[in-house]
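Asks: what follows is a protein structure lacking sequence information:
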């Protein structure tokens, strides 16, 4: 370090640094250097490297040996280049001191402007510019910034002084203050500094500079900066660079101004220069929103030359960076200076358009195009959304459980939802939570709002599957079902009142709101087809019906990764037979019910296998605890009693006997298969018979039978034995042969830990990360709504573990599972079929883990495809951000 | 193998083998050799080694090359030694062929007696003995055994023939059959053999011998033998030895007989020869229990010399083996022959007495004494038990959830139990399951019977803690609460009917049964004191009250490993304040309730810390989901409403709002502490203030505050921060200093996986293996009753994972936890406080894992102490059995 260059000089036309030196110069410093090298007008200055900052913190806040000397050298170079001197009484050099880390940390780090001002240089500035108001305006800004950033004075004290002054002189805006007012303000600010710190405001510009540099270094290690870095995985050891630049003044009168711009429209991606600016202002005024800025298109009228220059520079920069840029600029006395250029944030639609456009112009490769689009953004494109300009009355906030927006009339029961739908009216179903009995009601509603439950509660999962808007865990709501009302805060919402749900943000909005329909442009399908060519990880869909399967195929699914057989059980004409099956007291009674169900299930599976002809369809045998299917009302119990020819009380007793304290950990999954092997046998038979029939018709069905909740190899072994025996019978009876693929979910920690033993009996693994998350973290997805938001707020979990795989915990178990599974069976096919399969971060994790496929709800398939392509393309960089 | 000796000869006075050659000769063969070497009369013979058996199975059931030749050689040696020849028409040699594996596999393996008989040798036998009846009796036994064991004929066919014959001739016992009857029976048996196998009964004795040897080899690989070995971890590759021995005949008339004996009384351990015998019988008759055997003390009257010899030999063998032995013998023509000697099974009391006695006699060391006592047996000594001779009517069987036996009158509610107890009458509480609201009712009952729930259901855990008998998961029972009746099969049991529970076996018995009180003899405390000197692992108790703590200390606990603060919440005078605390809607409301609870908790903790003065007391902050404490009845809700001055409906709504689908995975443990930090703060304050007060009184309280359900380091960090802050306040206010120890439960898979991160904030870890088992296996202990018994039956789990740690799954996570925890903090104290802490197998596992302590319910402390000592003493052998 001692021998290394610590400061990099720049001036228009020439810089020591360049864009690729981000690690050393920070993002801002590197881009400034790049602009200089391109001959773009940038106020001259120099960048103190991030390494200096690192040294500073490693050595008890001492500077690296060469820094002071280099500072003096570069300062004198700057003074020469500007023809002005720091602290000079005739031509004083004024400086800005800005932070600039490798990664953008917006709002986290500090800046000092107008440095170098004191009572003497102020006079020189007045004389030099003849603009007393400008000089005092700059001075008061400097004292304020230096006071709060460097001296640590509470900024609100300065604000209060300003407010008081404005009241006294009856000024509405800051610009209404004249030179005398501002002079008084400077006086008061300096008094404040003295009274708070016990020392006068430092007049020595060199001391001001050194203190400001240290303050910028220091801002790297504030608590909020640390928190921010933790949140975004930015390493502590990166440090920040410091950019010291000669000031240009947007507030030097009506020939000056400042603004921000985008090289294209960031919301549409249209190739149209876009931005806004303020006359006679410094940068902070634009951000603060005190005055309404003017559109960039009007800039030509005010500063014709500067506007022309800006447009030219904008085109040059976009072409050079090969991307849409976000620019900051200042005009001083009609002359344009560029202050910052960086890749700009954009909407999903815009991102697609820009990427395709740049590929068409051969500016970037398809690979680059893919890497520039954030997969999670695509969600915006797949659902109806709220008009962002609509004024809304948000009465509650829940979890954004299923994206899109919905408008409808409040109902509290599935029946009411169906009745409204029958009349062609939109319904919003509001419940404490939903159960499988609500499926038809959910399907009839435009949106679902639940008080309990997390991102993967029943309501959330089903809604996402249906592509329907859902807000879950809106804990503030209290439902009074009898009163047909829900209450939140002081608002009471009655049955049939209009309600809007914004499933993308979790906002519950009173009244009707305008919605915007999605338009999947050609850009979308172009990007998807590129992504398809560039990935390794397969993408499958979670789908339970032939319709879902078709939709999934349309979205590009390469198979079904999870078909939940039990979702077929709720149809009205079936549930009775299902209930008979469950409530049977003997194998014989049960056999009767199973005989009724067999043809129905055979038809279900036939339909899905046909829709996915030629592609694998993973069918999971019965998983949920049986009581989910049970009759709960008197009427439904009576129906069952009648059908089974037993007494009502007996049915009721059997229903009660099946209740469980923790159904998630109860008698479910393959445990049902072990104790009621005839149920699993019926399902296996239905799958195998449907397969045989399709085979005979010349189709190519590819079922994969999946056993859920396996904890021991023996469970899988017993189920497999039964399936193979059934397959033999079916193949013999139908006179057709086909291979039988049998695998298992890995969804319990134990299964991951003994994956080697389990792999010996499995043709494939599928990680059930919903359940694996629940068990690994001991966290019920349905009950976590009461505390999980607070947990995420307090950064106890960095991400909601039901949305992004908890990599340290659940992910570690997956690693163990993959390692042990492949050790026992090197070519074992491994996928994931939890909700995480549609989360880009989790898709990347799965890619890096070497899985063969991810599976997600149809509406998330494009996201998974893109995430998968990106993961593959940046493989070697996968552990950095 | 080809060059190795395959057969080992033995005769009284001299044998090729000895006791230490068990691996080669099997248990029986080695002990026979040892007896021969001691000059004890044993019928001569030879042992075919286990290696021959292993070769046989490895080589498609071919014999090792030398075996045939050695067989002929040893047979001829035997013939010489006996002065008889196999198949000889004058002096025929008759043989027994018995299996004998390394480990005892009772009832698993096959035996053939009286081999060598055929129509010709039969005649010789008649002539030689002049006892026609004896000869035919031997012959029919031989045909029967050979037919079923070697030829694979269903044994019941022979039995049926015998029964029919007995009916025909009006015989009650086998001994009532005369020579003519038996002759006919032989004839019929031979016909049966021919009709079933299609071949006549083999007359060639050499063929009989070879076929019998192969049959004994084959019995090693029957399905039931394989299952047995799997269950008891006996390796497949051990194989069995075959003992071929000249026959001696206990059925040779009234001067002959056969019997079994113990060198001491196996139920008391008293140094008193013990056994029984039958005159004129072969060994199988004793086992079959057809005739009532005579006590060994009467043997002197019948066979004076043989009885004297037996007593002498018994003493000699016990002295030689230095242990109580189980002997088999036969008397033929008044002469005694020993057939088997092995270490005998014994009751707990007997095991203690024998061990202490042998140590006193300097026959064995204290270490040996400890290693000879099975810890789980001690349970028998700590509780009342059923008189084993009582005739009982078992109406149902459940899980043996808490040992001991209880007699009382059936009640169905806690109130009824209390009412009975108030009248001084014994109650048996029968429920579907118990909840914390039943505590007082359980405490008032003699025993608890539940229909649902497993070995660690609420009922089971609480009952074990109370040292009270409990049977859980008696699934066959249906309770009709309104009818005040329960029904099981065809039996209806009404309120106040007498019922007996045998908590040690799970038997539910109709009516009153006599119980036997435990008597902890001096032997018990002697063994315990030796065990205490010989162990490394500390033993602590799970105790929630000062009384429990005192009891634990009496039993030898070295501290409290788990004090569940919430168990103090149910007392009548507290529950109201607890409910207020939970149902508060604001911090202010809650503060009011907490102020009421603080002094109560302070008193609780003060009492326990005082009782355990000088020993560590691990206090777990609030763990269960809040709704466990909630009022459920109208009355109790009204009480809360009155106290809180809010409306009944509002209370009801808040109660409903707290319901959870899977409370085990819900808002509980430190999640409560994070969201309601004021509750944890109250508890921490109570502990710290109680500590301060005791400190000031010169006591030495050692609290260790434990945070439950931690999944992330941040949770522990936040709780710790609060506790340390509170400690500072308390220490300052009270003017006394003491160290504050803060640790965490490791009871979630995630916690084990990131134990290194958690260890950084923890002074200690305590594995909560109940919850860790539930989450690792995805198995709710309360709901597993419906399928877990079937799972254990089907060997899906080798042991109930709630009783013995699932070593492959949960144990693996514990290993990870210990490894990572100690990596971050090498001296980290680690214990276990799940129910497994009292299970000997699990204690051994914990010892091998290098834990510092186990903690268990007070009544299991002696078991844990003994298990801990044994683990330490046999450390180097810990992975074999």
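Replies: Structure received. Predicted model only: the values in this text are computed from it and were never measured.

Asks: count of neighbours near residue A:12?
Replies: Other residues near residue A:12 number 18, with proximity taken as other Cβ atoms under 10 Å in any protein chain shown. Any C-beta I mention is one placed from the backbone N, CA and C, and that applies to glycine too.

Asks: can you check residue A:721 too?
Replies: 12.

Asks: again with the one 4 residues further on
Replies: Per other Cβ under 10 Å, the neighbour tally for residue A:725 reads 12.

Asks: that one in helix, strand or coil?
Replies: helix (DSSP: H, G, I helix; E, B strand; the rest coil).

Asks: kindly report the same for the one 4 residues further on.
Replies: When the structure is reduced to helix, strand and coil (three-state DSSP), residue A:729 reads as helix.

Asks: any idea how far chain B is from it?
Replies: Distance of residue A:729 to chain B, given as Cβ to the nearest Cβ, to the nearest Å: 23 Å.

Asks: contact partners of stretch A:485-494?
Replies: With contact meaning Cβ atoms under 8 Å, 6 or more residues apart in numbering or on different chains, stretch A:485-494 is reached by A:395-396, A:410, A:412, A:430, A:474, A:476-480, A:484, A:495, A:499, A:508, A:510.

Asks: just give me the closest of these to chain B.
Replies: Using Cβ to the nearest Cβ, residue A:478 comes nearest to chain B of these, at 6.3 Å.

Asks: before we move on, back to that, so which of the contacts of stretch A:485-494 also contact chain B?
Replies: residue A:478 (Cβ under 8 Å from any Cβ of the partner chain).

Asks: next step: the contacts of stretch A:485-494 restricted to strands.
Replies: Those of those mapping onto strands are A:395-396, A:410, A:430, A:477-480, A:499, A:508, A:510, per DSSP state E.

Asks: can I get those residues in TSV with neighbour count?
Replies: Compiled in TSV, the ones in strands among the contacts of stretch A:485-494 are given as follows (neighbours: other Cβ atoms under 10 Å in any protein chain shown):
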residue	neighbour count
A:395	20
A:396	21
A:410	22
A:430	28
A:477	23
A:478	17
A:479	22
A:480	13
A:499	26
A:508	27
A:510	17
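
Asks: CSV for those, including pLDDT?
Replies: Formatted as CSV, those follow (pLDDT from 0 to 100):
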residue, pLDDT
A:395, 93
A:396, 91
A:410, 96
A:430, 95
A:477, 90
A:478, 90
A:479, 89
A:480, 84
A:499, 96
A:508, 95
A:510, 94
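
Asks: put together CSV for these, with distance to residue A:5 on each row.
Replies: Shown next, in CSV, are those (distance: Cβ to Cβ, whole Å):
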residue, distance to residue A:5
A:395, 59
A:396, 57
A:410, 67
A:430, 64
A:477, 61
A:478, 65
A:479, 67
A:480, 71
A:499, 62
A:508, 57
A:510, 61
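
Asks: which parts of the helix or strand hosting residue A:317 count as buried, going by neighbours?
Replies: Element membership of residue A:317, judged by DSSP states H and E, is helix A:304-321. Under the neighbour-count criterion of 16 or more other Cβ atoms under 10 Å in any protein chain shown, helix A:304-321 has A:306-307, A:309-311, A:313-314, A:317-318, A:320-321 buried.

Asks: between the residues you listed, which is nearest chain B?
Replies: The closest of the buried residues of helix A:304-321, once distances to chain B are taken by Cβ to the nearest Cβ, is residue A:321, at 39.5 Å.

Asks: I'd guessed that closest one sits against residue A:341; true?
Replies: Yes - with contact defined as Cβ atoms under 8 Å, residue A:321 counts as touching residue A:341 (7.4 Å).

Asks: can you get me the start-to-end distance on stretch A:513-527?
Replies: 32 Å (Cα to Cα, to the nearest Å).

Asks: distance between it and the chain's centre?
Replies: 19 Å (Cα atoms, centre = their mean, to the nearest Å).

Asks: for the stretch 351-500 of chain A, what are the low-confidence residue spans?
Replies: A:436, A:456, A:465 (pLDDT under 70).

Asks: contact residues of it facing chain B?
Replies: Counting by Cβ under 8 Å from any Cβ, the stretch 351-500 of chain A sits next to chain B at A:433, A:478.

Asks: which ones are touching residue A:169?
Replies: A:176-177, A:181.

Asks: I meant residue A:352, not that one.
Replies: Going by Cβ under 8 Å, 6+ apart, residue A:352 touches A:269, A:373, A:381, A:521, A:523-524, A:527.

Asks: next step: the residues you listed restricted to helices.
Replies: Under the assignment DSSP state H, the contacts of residue A:352 contribute A:381, A:523-524, A:527 to helices.

Asks: pick the one among those residues closest to residue B:556.
Replies: The nearest member of those to residue B:556, counting by Cβ to Cβ, is residue A:381 at 69.6 Å.

Asks: any idea how far the closest one is from chain B?
Replies: Distance, residue A:381 to chain B, by Cβ to the nearest Cβ: 34 Å.

Asks: now that residue: how far from residue A:404?
Replies: According to Cβ to Cβ, to the nearest Å, residue A:381 stands 11 Å off from residue A:404.

Asks: can you check residue A:700 too?
Replies: Following Cβ to Cβ, the distance that separates residue A:700 from residue A:404 is 35 Å.

Asks: check contacts around the most centrally placed residue in chain A.
Replies: Closest residue to the average C-alpha location of chain A: residue A:376 at 6.0 Å, with Cα atoms, centre = their mean. Counting by Cβ under 8 Å, 6+ apart, residue A:376 makes contact with A:839-840, A:863.

Asks: if you rank the residues you listed by neighbours, which is first?
Replies: Scoring the contacts of residue A:376 on neighbours with other Cβ under 10 Å, the highest-scoring entry is residue A:839 at 27 neighbours.

Asks: and residue A:292, what pLDDT?
Replies: You'll see residue A:292 listed with a pLDDT of 69.

Asks: what about residue A:347, neighbour count?
Replies: Other residues lying near residue A:347 total 16 when counted by other Cβ under 10 Å.

Asks: contact partners for it?
Replies: Here residue A:347 is in contact with A:266-269, A:377, A:380 (Cβ under 8 Å, 6+ apart).

Asks: of those residues, keep whichever come out buried.
Replies: A:266, A:269, A:377, A:380.

Asks: which one of the residues you listed is nearest to residue A:199?
Replies: Nearest member of the buried ones among the contacts of residue A:347 to residue A:199, counting by Cβ to Cβ, is residue A:266, at 45.8 Å.

Asks: secondary structure class for the closest one?
Replies: coil.

Asks: now it: closest residue in space that isn't a chain neighbour?
Replies: residue A:346 (4.5 Å; Cβ to Cβ, 6 or more residues apart in numbering or on different chains).

Asks: so the one you found makes contact with residue A:268?
Replies: No - between residue A:346 and residue A:268 there is no contact under Cβ under 8 Å: 9.2 Å.

Asks: if we can go back for a sec, for the ones in helices among the contacts of residue A:352, could you give me JSON lines that also reports distance to residue B:783?
Replies: Shown next, in JSON lines, are the ones in helices among the contacts of residue A:352 (distance: Cβ to Cβ, whole Å):
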{"residue": "A:381", "distance to residue B:783": "44"}
{"residue": "A:523", "distance to residue B:783": "52"}
{"residue": "A:524", "distance to residue B:783": "47"}
{"residue": "A:527", "distance to residue B:783": "48"}
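
Asks: before we move on, back to that, so which of the contacts of residue A:376 comes closest to chain B?
Replies: Among the contacts of residue A:376, and counting by Cβ to the nearest Cβ, the member closest to chain B is residue A:839, at 18.6 Å.
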